[in-house]
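Visitor: My questions are about this predicted structure, shown below with the sequence.
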Amino acid sequence: GPDHLLGDLPGAAALIVRRACPAVRVGGPSAAFCDDFIRAFIRHAAGEINTADGGKGTRLDFLSIHAYADLPYEGTDGTIHPKNIWKRVQMARRMLDEAGLTETEIIVDEWGAAAGGFLSAKKNPLMWMRENEFYPAFYFRLIDLFTNAKAVPAHMLICLSGQHKSTYDFDGFRSMFTMSGFKKPIYNAYVLASKLGKIRLECGAEGCIPTVNDRGDVIVALYHGGENPQFAPEDESVTLTVGGLSGNYKIRKSVIDSAHSNSYRRWQSMGEPQEINGEQRQEIAAAGEIVPEEQQRRCDGEYSEEITLCGHCVVLVEFIRDNKDRLNPDESMERKSFRSAEGVEMPYRLFAPDGAEGRLPLVLYLHGSGFRGEDNVRQIENRYIEHFINDPSHPCIVAAPQCRMGDSWTGAHRFPIPKDRIFNYDI
């Protein structure tokens with residue numbers, strides 16, 4: 001039975017792989033169904049006898065699972081809704097935590113709004129949602145759920161399959177491109193999602209994902225719908241307001257809906273031709289491209305714009321600060337040094353934003369080993385420092401000491417000094 005096999009297979013496989021390459025990370029079971037099997041797998045990893053080496057348990061670097069919205073997993077309802085993928089991951093987290101594997105990460109190595117990798121729209125008309133604007137809205141709603149969730153997968157991989165069975169374009173299979181290479185809206189959704197920053201900002205409104213990227217640019221995603229592929233929600237007018245902007249910006253707006261970045265709807269408007277001629281091919285390909293609207297604008301404080309969300313849709317607005325307005329770390333951070341009572345010198349750089357009032361947070365940046373030295377420059381040559389000093393929405397003081405060659409932060413010379421000996425700011 002499964003429990004007997006679990007005593008042999010995972011432990012033996014992990015042992016063989018790690019002997020060949022000790023640095024490799026090993027996990028599993030990449031299961032689509034059967035929560036009882038997943039629990040047994042976790043139970044074995046957590047402490048059952050490993051018959052491969054006679055030890056207890058098998059080190060599990062990650063738990064890999066499949067998550068499809070339409071499958072009736074434990075705790076889900078089998079509808080095509082992003083919450084079911086979210087619930088699947090929360091359940092996996094609970095399984096690991098109950099077994100004591102609280103640090104083991106989760107990888108969703110297959111996800112999708114619907115399973116049925118070889119299920120076309122001819123067999124199930126609901127699969128048209130893989131071709132149209134519903135899927136991008138579904139995807140961004142899923143992103144929103146996970147960026148606010150307690151349990152977040154380390155990686156998520158959308159599963160693509162069925163392409164080799166395609167006999168015409170837009171047939172409903174799980175793919176990013178059609179048989180002729182036309183970009184589907186879900187591909188464009190991945191392009192827009194790649195532009196989101198790693199830091200999420202606060203926003204009380206539903207359907208809004210505000211972020212900041214490493215350069216300090218503000219990137220905001222708005223989404224509408226994505227909950228039911230059979231019904232498109234009514235259009236909605238919203239006001240996007242972004243504060244804390246200062247300087248000249250390129251404001252770029254990209255849209256995916258039934259009329260924008262949507263090759264499927266163009267193909268559909270042609271009567272869904274099974275054989276596409278050259279002129280049609282050009283029109284469909286052009287309709288599938290993201291064509292952003294751009295404007296240059298001076299922003300001092302707040303930017304506001306009325307945006308209409310049409311049916312299932314995604315709107316991405318990028319506020320890209322002009323490079324001429326961006327602060328250069330080497331020019332903007334004071335060169336300073338402190339000498340301890342023992343005569344040990346510590347160079348550091350210090351930044352304080354102009355015009356900031358009240359108490360400010362202090363960001364103490366401790367660089368990696370490759371930036372050690374005494375030049376007081378190398379430690380600030382990175383995107384993190386640039387981000388902190390160019391984010392007007394979160395003004396802060398930044399201190400960046402430089403560790404000496406041959407030393408480390410854990411074993412570095414200690415400088416037990418009061419903050420007012422270095423900083424003349426209220427922190």
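Guide: Yes, it's here.
Visitor: From now on I want contacts and neighbour counts done on CA atoms only, so please keep to that.
Guide: Will do.
Visitor: mind listing the helices for the stretch 251-400 of the chain?
Guide: Taking DSSP state H, counting those that start in this stretch, the helices of the stretch 251-400 of the chain run over residues 263-269, 278-287, 329-332, 383-389.
Visitor: how about those helices in JSON lines, adding distance to S237, mean neighbour count and mean pLDDT?
Guide: Converted to JSON lines, those look like this (distance: least, CA to CA, whole Å; neighbours: other CA atoms under 10 Å; pLDDT from 0 to 100):
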{"stretch": "helix 263-269", "distance to S237": "23", "mean neighbour count": "20", "mean pLDDT": "97"}
{"stretch": "helix 278-287", "distance to S237": "24", "mean neighbour count": "15", "mean pLDDT": "96"}
{"stretch": "helix 329-332", "distance to S237": "41", "mean neighbour count": "15", "mean pLDDT": "89"}
{"stretch": "helix 383-389", "distance to S237": "32", "mean neighbour count": "19", "mean pLDDT": "82"}
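Visitor: Output the ones you listed in CSV; the columns should cover distance to I251.
Guide: Compiled in CSV, the helices of the stretch 251-400 of the chain are given as follows (distance: least, CA to CA, whole Å):
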stretch, distance to I251
helix 263-269, 25
helix 278-287, 22
helix 329-332, 24
helix 383-389, 19
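Visitor: right, and those helices - which one's nearest S194?
Guide: helix 383-389 (17.5 Å; CA to CA).
Visitor: Point out where the chain drops to low pLDDT.
Guide: For the chain, residues meeting the criterion pLDDT under 70 lie at 1-8, 48-53, 411-427.
Visitor: quick check: longest strand of it.
Guide: Taking DSSP state E as the criterion, the chain has its longest strand at strand 236-256.
Visitor: Name every strand pairing with that one and say which way it goes.
Guide: Strand 236-256 sits in its sheet next to strand 293-309 (antiparallel), strand 313-321 (antiparallel), going by DSSP bridges.
Visitor: all strands in this protein, in order from the N-terminus.
Guide: 27-31, 62-68, 105-112, 155-158, 199-200, 208-212, 218-224, 236-256, 293-309, 313-321, 334-339, 345-351, 362-364, 397-401.
Visitor: so how far is the fifth one off the chain centroid?
Guide: Taking CA atoms, centre = their mean, to the nearest Å, one finds the center of strand 199-200 at 10 Å from the center of the full chain.
Visitor: Could you do the second one as well?
Guide: On the basis of CA atoms, centre = their mean, strand 62-68 is displaced by 17 Å from the centre of the chain it belongs to.
Visitor: by how many degrees do that strand and strand 27-31 diverge?
Guide: 20 degrees (axes from the mean of the first three to the mean of the last three CA atoms, to 10 degrees).
Visitor: Strand 62-68 - contacts with which helices or strands?
Guide: Helices and strands touching strand 62-68, by 3 or more CA pairs under 8 Å, 6 or more residues apart in numbering; DSSP states H and E, are strand 27-31, helix 82-98, strand 105-112.
Visitor: Would you tell me which of these gets closest to R39?
Guide: It's helix 82-98; of the helices and strands packed on strand 62-68, that one is closest to R39 (CA to CA) at 6.6 Å.
Visitor: and that closest one with strand 105-112, angle?
Guide: Using the same axes, to 10 degrees: helix 82-98 against strand 105-112 is 150 degrees.
Visitor: Buried residues of helix 82-98, list them for me.
Guide: Within helix 82-98, the residues that count as buried by 16 or more other CA atoms under 10 Å are 82-93, 95-96.
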